[in-house]
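# What follows is a predicted structure for the sequence shown.
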Amino acid sequence: MYNNPNCVNGNANGQHVHTNGSNTALLQRITSPWTEGVFWNIHPTTTTQNQVILPQDTNPNQNYQLDVKLLLQDIIANPSQGYGFMLKLQDETPYKLLAFASSDHPNPSLHPKLEITYSFCTIIQPDATIGKDAFLSDNVSNGQPNSPEFNAGAWTISGTPLKIRGLLDFNLSTVPTGTSIDSAILTLYNNPNSQNGNANGQHVHSSGSNAAYLRRIITPWDENVSWNNQLAVTTVNQVVLPQDTTPFQDYNVDVKLLIQDIIANPSQGYGLMLQLQNESPYRLLTFASSDHPNSNLHPKLEICYTPNLSYKIII
């Protein structure tokens, strides 16, 4: 809010006044409808919930910048209880004044200004048609692009050790370049139909922890990738999936920094690789891929982000 240098109230010199005590004021949410024809005897009701305090001025023509986040959140959450703001002194005994310009002031640069920056959220949960994931095992030469499993494991077949890793990528084209990621949660659903490990859909840590890493892939790939030509990854901002606590556990994984890295530098971000911390048998984390017949179990990425710009509402 901008000081009104033409104010004819108070000392009629455009200055804030606190000659008889503090001119600290309250900005409160109005909870009943009103029009500009309102007057004192019928002024609208207000609430003190999340009210904002304007401290006494430190110079007579001071402008004020106020954090009204909670007031605005209340209005957005419950519009029937939000009809703007009322400014009032804490102590309404003479002689005290805070003098600001209104939207009717002849100088438009002094009109009250509200700047709101807010996040956008999107959920990405691709199906078999548009999903991109792959199942890698060092005991098969070819990739398995249509596997319903997204796993990290270590097992044996006829006594021969094998390793399993999972690749996963999401189309992030709807998130603008340069965006600041506020949150990113990857949900991986247990695959109850898994034929790996004990072939009963359960995670396994019978010989030690099945904690795993989720790492950013830094080279391009497609679903026909195989173990022998698998990709380069980086440990920067890698995420640890801890050992399961229940055999059919779903995981909600905070991948904010991994997604921020991909958005900031797409040429170094081609999805995520899941692999065990210790790839000696017998350990397994088993999740559903985007090819699983139950679409509710497909990997899901929920991103909230703030675009690299602000949304300003000028009153």
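Sure thing, it's come through. Numbers count the residues shown, from 1 in each chain.
# so who does residue 286 touch?
For residue 286, the contacting residues are 149, 151, 153, 190, 191, 194, 196, 197, 201, 202, 203, taking CB atoms under 8 Å, 6 or more residues apart in numbering as the criterion. For glycine as for every other residue, the C-beta is placed from the backbone atoms N, C-alpha and C.
# hang on, it in a strand?
Yes - secondary structure of residue 286, determined by DSSP: H, G, I helix; E, B strand; the rest coil: located in a strand.
# and the nearest residue to it once chain neighbours are set aside, what does it touch?
Among residues not flanking residue 286 along the chain, residue 194 sits closest, at 4.0 Å (CB to CB, 6 or more residues apart in numbering). Taking CB under 8 Å, 6+ apart, we find residue 194 in contact with 149, 151, 200, 201, 202, 284, 286.
# can you redo those as CSV with secondary structure, pLDDT and distance to residue 31?
Formatted as CSV, the entries for those read as follows, by DSSP: H, G, I helix; E, B strand; the rest coil; pLDDT from 0 to 100; distance: CB to CB, whole Å:
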residue, secondary structure, pLDDT, distance to residue 31
149, strand, 96, 54
151, strand, 97, 54
200, coil, 95, 57
201, coil, 96, 53
202, coil, 98, 54
284, strand, 98, 56
286, strand, 98, 53
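# re the thing from before, how close does the residue nearest to residue 286 get to residue 149?
6 Å (CB to CB, to the nearest Å).
# Could you list the low-pLDDT ranges of the protein?
Under the criterion of pLDDT under 70, the regions of the chain flagged as low confidence span 308-315.
# quick one: the helices in it?
Assigned helices in the chain, in chain order: 69-77, 256-264 (criterion: DSSP state H).
# from the ones you listed, which stretch is densest packed?
Most buried of the helices of the chain, by mean neighbour count (mean count of other CB atoms under 10 Å): helix 256-264, with a mean of 20.
# Packing partners of it?
In this structure, helix 256-264 packs against strand 180-188, strand 212-217, strand 233-241, strand 300-306, with contacts taken as 3 or more CB pairs under 8 Å, 6 or more residues apart in numbering; DSSP states H and E.
# Check what contacts that helix and list those residues.
Judged by CB under 8 Å, 6+ apart, the contacts made with helix 256-264 from elsewhere in the structure are 172, 175, 177-184, 214, 216, 236-239, 268-269, 272, 301, 303, 305.
# a markdown table for the helices of the chain, including distance to residue 17?
Listed next are these as a markdown table, based on distance: least, CB to CB, whole Å:
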| stretch | distance to residue 17 |
| --- | --- |
| helix 69-77 | 26 |
| helix 256-264 | 48 |
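# These: which one's closest to residue 123?
Smallest distance to residue 123 across the helices of the chain (CB to CB): 13.3 Å, for helix 256-264.
# Looking at the contacts of residue 194, which is nearest residue 86?
Taking CB to CB as the measure, residue 86 sits nearest to residue 286 out of the contacts of residue 194, at 58.2 Å.
# Could you give the bridge partners of the closest one?
According to DSSP bridges, the residues that bridge with residue 286 are residue 151.
# ok so, going back, quick check on the contacts of helix 256-264: which are buried?
When the contacts of helix 256-264 are checked for burial by 16 or more other CB atoms under 10 Å, the buried set is 172, 175, 179, 181, 184, 214, 216, 239, 269, 272, 301, 303, 305.
# quick one: which two of these are the most distant?
179 and 214 (20.8 Å).
# Including distance to residue 128, could the buried ones among the contacts of helix 256-264 go into JSON lines?
Output for those, formatted as JSON lines (distance: CB to CB, whole Å):
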{"residue": "172", "distance to residue 128": "19"}
{"residue": "175", "distance to residue 128": "23"}
{"residue": "179", "distance to residue 128": "28"}
{"residue": "181", "distance to residue 128": "27"}
{"residue": "184", "distance to residue 128": "23"}
{"residue": "214", "distance to residue 128": "22"}
{"residue": "216", "distance to residue 128": "24"}
{"residue": "239", "distance to residue 128": "25"}
{"residue": "269", "distance to residue 128": "23"}
{"residue": "272", "distance to residue 128": "18"}
{"residue": "301", "distance to residue 128": "16"}
{"residue": "303", "distance to residue 128": "22"}
{"residue": "305", "distance to residue 128": "27"}
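# And residue 126, how far from residue 291?
As it turns out, when the distance is counted by CB to CB, residue 126 lies 10 Å from residue 291.
# ugh, wrong one, I meant residue 38
Distance check for residue 38 against residue 291: by CB to CB, it reads 62 Å.
# Which one's more surrounded, the two?
Applying other CB atoms under 10 Å to residue 38 and residue 291 shows that residue 291 carries more neighbours, namely 21 against 12.
# How about that one, nearest residue that isn't a chain neighbour?
residue 128 (4.5 Å).
# Help me confirm that the one you found comes into contact with residue 290.
Yes - in this structure residue 128 lies within contact range of residue 290 using CB atoms under 8 Å: 5.7 Å.
# higher neighbour count, those two?
Between residue 128 and residue 290, counted using other CB under 10 Å, the more crowded position is residue 290 (23 against 16).
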